[in-house]
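Asker: Got a sequence here, can you model it:
(chains A, B and C)
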Amino acid sequence: MSDKAAEVQVPFQLQCSVNGELKTIAAPPSTRLLTILRDEMELTGTKRSCEIGRCGACMVLIDGRAVNSCLTMAYQCAGKQITTIEGLSANGLDPIQQAFLEEGGFQCGYCTPGMIVSVKSLLDDKPNPNVDEVAEALSGNICRCTGYGGIWRAVQRAIEGRRYWK
Amino acid sequence: MLLNRTSSGGRWRIRPDGPAKVTGELTYLTDMTKEDMLYGLVLRSEHPHARIISVQTDKAKQLQGVHAVLTYMDVPGLNAFGIAHPDQPVLCEDRARYVGDAIATVAAETLAIAQQALEQIEVEYEILPPVDDPELAILDDAPLLHPQGNTLHRTAFNRGDAEEGFKLCTHIIEETYYTPRQMHTYMETEGGLFVPGDDGRLTVYSPTQHGFMDRLQLSRILAIPQSDIRIVSSPIGGSFGGKDELNVQPYGALLAVNTGRPIKMHNSRWESVRAGLKRHPMKITMKTGTDADGKLLAHQVYIISDTGPYSTLGAEVLNFATEHVIGPYRYEHLDVKGVSVFTNNGMSGEFRGFGGNQAIFALEGQMDRLAERLGLEPWAFRKLNMRQLDDLGPFDQPIAMTEGADQVWDAVSTSPLWLEREKIPLEGQSAAEPWIKTGIGAAFTMHGAGLGVGIPDPAGGRLELAVDGKIEAVFGYEEFGQGLIAALEQMLIEQFDFAQEDIRIIIGDTDVVPDSGSTTASRATAMMWKSLQRLHTPFTEQLLERAGAIVGRPAEQLRLSEGGVRKKVGDELLITYGELAKAEGEPIRCETSFVFPTSPTDRVGAHFMYTYSAVAVKVELNTLTGRVKVLQQYHAVAAGPVINPQGFLGQIEGGSSMALGFALMEDAVMEKGHYMTRNLDTYLVPTIADQRGKIEVQPIEHLPENDEHGPRGIGEVGSVTLAPAIAAAIHQASGKWVTKLPIDPSYLQETPFFLSKAVNGE
Amino acid sequence: MSMNVQETLTSPLVWHPQTAAEAWQYKQTYGIHSVFVAGGTLLRTHWESGAAPMPQHFIDLSAIRGLNEIRVGEEGLLIGGQSKLQECRTNPLLQRHFPMAVDAIRSIAAPSIRNLATIGGNIASIVGDSVPALLVYDASLIWYNGQTEQEEKLSDWLLAAGQSGYRNDRLLLSLKLPLKSETSRGDRDENSTNSKMKRFGAFHKVGRREAFTPSVVTAAVSGSITDTGLLNKIQIAVGGGQTIPRRLIEVEKEIVGTAVDGEMLRHLFDRALELYEPREDVFASASYRKQTAANLIVTELWKASGRFIGQGG
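Answerer: The predicted structure follows:
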């Protein structure tokens, strides 16, 4: 075993950027990002629901891509840029959030942060997605309240809104 | 006019709770923490049915960091809960009756320690055979789950003589329908924070649909006065009926009182699945007959409902199903019987639709089958037998009269989607891909609102001018996503001419709100509307009189408006609400309380107010796989005035999505009393990809001239009518009748036609 | 707090080997107390459900050099085992040459999971939904056994992995997909010598809902038909659920070179029912799975054949 590999950090410290701020967090390396965000950083906009990646309530962006924070372990976040729902509206409402408000793309709101994070990831990658692409991008976010009607409308409005604001 | 943003114009409003939801700023009760808090966990039975010989907690108590390990011996008051009939043990004494039964509860400084403590509790079980089939459970030789037997409740309703009626029938359809153990699948699992105060009171921050009922139940368990308990119950991350009954509250409360420390609880998904409520699985057998012309003569029904181990609202759900298997049709002879049966399966209980979903799937199935037998168009067949304007209700009880049945029938019959039905070729076959078949079907519902005769159903609320000049609307209801706050705000703006900024809404806190009854049974919006109707004149008068006295004008010349009081003529603001609040005088405050209107009948569970809905749906069946896709939906809903257009649309769309899941994929499968679906990897609910089809919602707002009841409920009706419409559409597509939900694809599967032709040598 | 009991009880050590040799060494050192972790998504599911305990040592494979690349090698496309599924799903080379693999990967979970999960992890699970599509492309696996790299046909490995008591300590380095002109989809191929050959291919995943579903049946079919209606080439693979995917080599051999007609499809249908032995669960019976697979397979050939109607008798 090489010396380099043997230099496993005990105790591990996670260094990463969360919503644009560099953070150093002491936590076991297998700690889930969800736990770090909610418990250590009090970023409770990231929600806990199924804890096995099947609902999307805990979705965050890592380096701009949507990822389930319940499936992501601390060591996998080292050096990464993490953006939570709180980070999206740091400078006022994101047009996606505005679209969800206007179209009623939420009810109880528990899935909403994760849903919006997934939409953000989609539209940053593909500003004009077709229906198939929207369905694929949001298929990992369960909403039990809306039946997705308002979400479809909100995404459509967000696409148009972003176009307008460009 | 179809309901959408455009057609709603300025009435389409941004929800007041929206900004905090889209930014993640909203603190749900399961997001709360407190310094010094302990973590609470519950030890639940390993077995669906077992005698508990002993529970040893010594080892667990000795663990460092453990502050309490409680068993039934530590319950100071009533060791039971249940909204209607408290028979579910808080902590089991000598017997466990399902895999969610609680045996002990632990509070510890960390979650890990709490978990370790659970593992250190030694429970000695004598395993008993699980009673997992309700039909076997009611046989004489079945093991008894409760001293009074395995029957929770029986219902019966008779009119005429059904047996004689069938003798007169030309056509009789007999069929048995099965519905699944659907899970609410609220995204926020149960939990909360339980905080003992220095004053000896306990504050419970935990989702429920009726704070005062939780307060009552917890006071019985803790043996302390209700006034020593405060329940804060909103906001809630979804409920759908599933959080109306107590869940984690007894444990959090017991641990908080016992340790004197705040207790945090938040169920894992598996804990939620295991302990929580589901929709009652029902087996509904129907025999329905008509004369040669298609007139319904006799209808016989037997419902058997699997209510699980304890009562909660199992009897009430059966009452509802019993009423709704009769539905909006006229029969000469009726013979309806139902039984709700205790088993060692999971807990069944309240769930959006409340027994109507199962009943209407079966009833509408009968109507479609009879129409086919008669060679009648299925919608025309319904018209032939539909209730008339001044007919009594299903239980022959007087009901609030509306033209809803006719209105929704008409709407579907002229809807483009229904008219497209005739154009679909025989058995809906597509030429390009002959294994793809499409069909259109429709179904029809009258769905009761309110708790019905025999259950206390209080309502009411309060308006007051707060010291800071805000108009406070104070109600006992809960916001679990349905848009109650938005509906209330919109009514205050539209009925009183207040501005959004003038209003403060206070709900869901038993220390400050009046008991407005439960936020269930599609009742809250209607009851808020009614409350505001009753409060409008007195509250307005009080405000205007005070204002008039200050500005020196007669109240009759003044009006309420945005920001304050103005002259009736002209725009000039005479006095702001803030200035009004500072003025001398008695507090300006009006409160009303009344009961949800009920039918003058003795029939327990009978309803007085109904919402009518009809749904047309287009489906696509792939016969290679047997899988069904819902392509398009049209919902006509006659529920009186639309209070909040966005909320109305969302309720119908959201309800129908649950119905789609109920019809096509959802079932919390159990084997021998154990859940096979422990999380959302196996319990599947619709994704956005399952909901790609267009949904049109047509509200029918017109009410009879002298109607004084206003908006009917819409919280549940969206979830009850789609499943039978899907079944009808599948029949058009394939010629097959679905009897069991969720639909089993293997039943709809066919061997490709080109193979059978090849073999037959055609 | 988010109340995850498991993680607060144990805090495994995470090792970050830079080379396959190091990774292998860690595995030797910690044995059953360790696990190779790629994306960790499936492992997490097992830990949360209690299906497997969280071991004391994680061997993080993500830092091993070269395992994140997708590149054209001498004998085909080499896909590093640590390539994220979403990278595979959007990779132009894969999209162009292995569209059924892309379709299969697209059907796995949701993009957010695919941003974490790797192709190596999907294959290593044995029943991953990418596997049937990879089988029809004659994929090979490249393993590291502690001394050297070993290449093994995916189909051979699956046969071995299906035996009870099978143990595999090797480290999956990469996946190799042979680049052949035949493997491009359908009518897209411009190769003039093959212009009279009609190519076809499709991947099907049947689940319990329209997206993000565990599979019930997966089937991949690929082949070509001559202008005279003879089946020139055929590859069929089936899987789904907990069924170990397999090629239906037996029937492929029986039908290749024969006319695609009703009789042949009937034979294919019957043999697919026999050869495909799906594992059933509480959600779908074996007979449903068989019928579904057979239906989907014969229909692909029927479509490719020009949709004859009943001339087979």
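
Asker: which residues touch the residue nearest in space to the middle of chain C?
Answerer: Residue closest to the mean C-alpha point of chain C, counted by Cα atoms, centre = their mean, is C:Val131 at 1.0 Å. Listed by Cβ atoms under 8 Å, 6 or more residues apart in numbering or on different chains, the contact partners of C:Val131 are C:Asn122, C:Ile123, C:Leu154, C:Leu158, C:Thr218, C:Ala237, C:Gly239, C:Pro245. To be clear about C-beta, it is placed using only N, CA and C from the backbone, and glycine gets the same treatment.

Asker: So the second one sits against C:Leu175, correct?
Answerer: Right, C:Ile123. Yes - between C:Ile123 and C:Leu175 there is a contact at 6.6 Å, judged by Cβ atoms under 8 Å.

Asker: By proximity to chain C, which residue of the stretch 1-150 of chain B wins?
Answerer: Nearest to chain C, among the residues of the stretch 1-150 of chain B, is B:Ala112, at 3.7 Å (Cβ to the nearest Cβ).

Asker: residue contacts, C:Ala52?
Answerer: C:Leu43, C:His46.

Asker: Can you verify it is assigned to a helix?
Answerer: No - counting by DSSP: H, G, I helix; E, B strand; the rest coil, C:Ala52 falls outside a helix, being coil.

Asker: hmm, back to that, torsion angles phi and psi at the residue nearest to the centre of chain C?
Answerer: Main-chain dihedrals, C:Val131, degrees, to the nearest 10: phi -60, psi -50.

Asker: Quick check, pLDDT for it.
Answerer: On pLDDT, C:Val131 comes in at 98.

Asker: C:Ile123 and C:Leu175 - which one has more neighbours?
Answerer: C:Leu175 (27 against 22; other Cβ atoms under 10 Å in any protein chain shown).

Asker: Relative to chain C, which residue of chain A is the closest?
Answerer: Closest point on chain A to chain C, by Cβ to the nearest Cβ, is A:Gly140, at 2.5 Å.

Asker: Could you grab the helix/strand/coil label for that residue?
Answerer: Relying on three-state DSSP, one would call A:Gly140 coil.

Asker: If you tally nearby residues, what's the number for it?
Answerer: For A:Gly140, using other Cβ under 10 Å, the count is 27.

Asker: need the longest helix for chain C.
Answerer: helix C:286-304 (DSSP state H).

Asker: now check it, is it near chain B?
Answerer: Yes - residues of helix C:286-304 contacting chain B under Cβ under 8 Å from any Cβ of the partner chain: C:Ser287, C:Tyr288, C:Gln291, C:Thr292, C:Asn295, C:Leu296, C:Val298, C:Thr299, C:Trp302.

Asker: How about stretch A:120-130?
Answerer: No - figure legend: stretch A:120-130 not in contact with chain B (Cβ under 8 Å from any Cβ); closest approach 11.5 Å.

Asker: Quickly note the distance from the residue of the stretch 51-200 of chain C found nearest chain A to A:Gly64.
Answerer: Residue of the stretch 51-200 of chain C nearest chain A, by Cβ to the nearest Cβ: C:Ala110 (2.5 Å). Going from C:Ala110 to A:Gly64 by Cβ to Cβ, to the nearest Å gives 17 Å.

Asker: between the two, which one's more packed in?
Answerer: Each of C:Ala110 and A:Gly64 has its neighbours counted (other Cβ under 10 Å); C:Ala110 has more, 25 against 11.

Asker: pLDDT value on that one, please?
Answerer: In this prediction C:Ala110 is given a pLDDT of 98.

Asker: dump the residue contacts of the residue nearest to it when sequence neighbours are not counted.
Answerer: Spatially, and ignoring its direct neighbours in sequence, C:Ala110 is nearest to A:Gly140 (2.5 Å; Cβ to Cβ, 6 or more residues apart in numbering or on different chains). Residues in contact with A:Gly140 (Cβ under 8 Å, 6+ apart) are A:53-56, A:59, A:66, A:68, A:118, B:687, C:109-113, C:212.

Asker: Among those, which one has the most neighbours?
Answerer: Busiest of the contacts of A:Gly140 [other Cβ under 10 Å] is C:Ser112, holding 34 neighbours.

Asker: Figure out the helix or strand that it lives in.
Answerer: helix C:111-114 (DSSP states H and E).

Asker: Show me how the record splits the chain into domains.
Answerer: Answering for chain A, as no chain was given. A:3-88, A:95-165 (automatic domain parsing).

Asker: Let me rephrase: I mean chain C.
Answerer: C:13-60, C:70-181, C:182-304.

Asker: For the longest helix of chain C, buried residues please.
Answerer: Within helix C:286-304, the residues that qualify as buried are C:288-302, C:304, counting by 16 or more other Cβ atoms under 10 Å in any protein chain shown.

Asker: For the closest residue to chain B within chain A, which three-state class applies?
Answerer: Nearest to chain B in chain A, going by Cβ to the nearest Cβ, is A:Gly45, at a distance of 2.1 Å. Following three-state DSSP, we place A:Gly45 in the coil state.

Asker: what about it, distance to A:Glu86?
Answerer: Applying Cβ to Cβ to A:Gly45 and A:Glu86 gives a distance of 5 Å.

Asker: Can you pull the residues of the stretch 201-313 of chain C lying near chain B?
Answerer: C:206, C:208-214, C:217, C:261-263, C:265-266, C:269, C:282-285, C:287-288, C:291-292, C:295-296, C:298-299, C:302, C:307-313.

Asker: ok, and of the residues you listed, which contact chain A?
Answerer: C:Ala211, C:Phe212.

Asker: Among the residues of the stretch 201-313 of chain C next to chain B, name the buried ones.
Answerer: Using 16+ other Cβ under 10 Å, the buried ones in these are C:206, C:208-214, C:217, C:261-263, C:265-266, C:269, C:283-284, C:288, C:291-292, C:295-296, C:298-299, C:302, C:308, C:310, C:312.

Asker: Check the burial of the closest residue to chain A within the stretch 501-650 of chain B by counting its neighbours.
Answerer: In the stretch 501-650 of chain B, the residue that lies nearest chain A is B:Gln646 (4.1 Å; Cβ to the nearest Cβ). Residues lying near B:Gln646 (other Cβ under 10 Å) number 27.

Asker: list the contacts for the residue lying closest to it once chain neighbours are set aside?
Answerer: Closest residue to B:Gln646 apart from its sequence neighbours, by Cβ to Cβ, 6+ apart: A:Gly104 at 4.1 Å. The neighbours of A:Gly104, taking Cβ under 8 Å, 6+ apart as the test, are A:Thr146, A:Gly150, A:Arg153, A:Ala154, B:Arg15, B:Gln646, B:Gly647, B:Leu649, B:Gly650.

Asker: could you redo the last one with a cut-off of 7 Å?
Answerer: When contacts are counted by Cβ atoms under 7 Å, 6 or more residues apart in numbering or on different chains, A:Gly104 touches A:Gly150, B:Arg15, B:Gln646, B:Gly650.
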